[in-house]
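[1] okay, structure incoming, though there's no sequence with it:
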């Protein structure tokens, strides 16, 4: 059984550090007074995602200004939307592979809060896969974690195989079209050459040069 280069690279990444595995990720986001700031994550299908967010004022103790939050799926479906929030949590299970987007915008009405600057700081704790589970201590914990990791590794390998198959199909179609265009170009060159020969012969006959 041969393993393609793309699949081999994916296996190395999974074994070396799990960079393709869903993991916890803490992000600090600066939201300007006008306009929104977004974070995105490339996630494959059937992955549990839990995100906690907290808006703070870096110059004052306590919560900061309120923000509006929206989360869209890879195909633009709205998964979560809240307005005038200082903190919260949203969770979902991905239904398709792609880029998931979470955007934050300072709420238009800040009369309840005297802002010390024109920006807001949002802390985002982004968890995916096994990181979203609340595990108990003990040997069973490690076994369940290992089982979850194996399942996720298998899902990632299947995802890589799907991507490889899609890329191979695109390459084959591209090569086929290039070959077709090459034959068309060759045919056009032959037709133009024959036309030139005919035209020159007709010209010489007309001028009685041959």
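    Cool, the structure landed. Note that this is a predicted model, so its numbers are computed, not measured.
[2] quick one: pLDDT of the residue of the chain positioned farthest from its centre?
    The outermost residue of the chain, judged against the average C-alpha position, is residue 208 (71.7 Å), by CA atoms, centre = their mean. Per-residue confidence (pLDDT) for residue 208: 72.
[3] and residue 168, how many neighbours?
    Neighbourhood size, residue 168 [other CB atoms under 10 Å]: 12. Where C-beta positions appear, they are placed from N, C-alpha and C, glycine not excepted.
[4] who does the one helix or strand it maps to touch, helix- and strand-wise?
    If you go by DSSP states H and E, residue 168 is part of helix 139-206. Counting contacts by 3 or more CB pairs under 8 Å, 6 or more residues apart in numbering; DSSP states H and E, helix 139-206 is packed against helix 5-16.
[5] and after the helix it packs on, which helix or strand comes next?
    Following helix 5-16 toward the C-terminus (DSSP H and E): strand 25-31.
[6] and that next one, what does it pack against?
    strand 36-43, strand 98-106, strand 120-128.
[7] need these in JSON lines (columns: mean neighbour count and distance to residue 86).
    As requested, these are exported to JSON lines (neighbours: other CB atoms under 10 Å; distance: least, CB to CB, whole Å):
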{"stretch": "strand 36-43", "mean neighbour count": "15", "distance to residue 86": "16"}
{"stretch": "strand 98-106", "mean neighbour count": "19", "distance to residue 86": "11"}
{"stretch": "strand 120-128", "mean neighbour count": "19", "distance to residue 86": "10"}
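[8] Serialize those strands to JSON lines and add fields for distance to residue 152.
    Shown next, in JSON lines, are those (distance: least, CB to CB, whole Å):
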{"stretch": "strand 36-43", "distance to residue 152": "12"}
{"stretch": "strand 98-106", "distance to residue 152": "17"}
{"stretch": "strand 120-128", "distance to residue 152": "9"}
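[9] can I get those in a markdown table with distance to residue 29 and mean pLDDT?
    Formatted as a markdown table, the helices and strands packed on strand 25-31 follow (distance: least, CB to CB, whole Å; pLDDT from 0 to 100):
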| stretch | distance to residue 29 | mean pLDDT |
| --- | --- | --- |
| strand 36-43 | 5 | 89 |
| strand 98-106 | 6 | 92 |
| strand 120-128 | 5 | 87 |
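[10] for residue 185, find the nearest of these.
    strand 98-106 (37.6 Å; CB to CB).
[11] pairing partners for the closest one, with directions?
    If you go by DSSP bridges, strand 98-106 pairs up with strand 36-43 (antiparallel), strand 67-72 (antiparallel).
[12] closest one to residue 169 among these?
    strand 36-43 (20.8 Å).
[13] of the strands paired with strand 98-106, which is nearest residue 161?
    Nearest to residue 161, of the strands paired with strand 98-106 and by CB to CB, is strand 36-43 at 16.9 Å.
[14] now do that closest one and strand 120-128, the angle between them.
    Relative orientation of strand 36-43 and strand 120-128, computed by axes from the mean of the first three to the mean of the last three CA atoms, to 10 degrees: 10 degrees.
[15] quick check: angle from strand 36-43 to strand 25-31?
    Using the same axes, to 10 degrees: strand 36-43 against strand 25-31 is 160 degrees.
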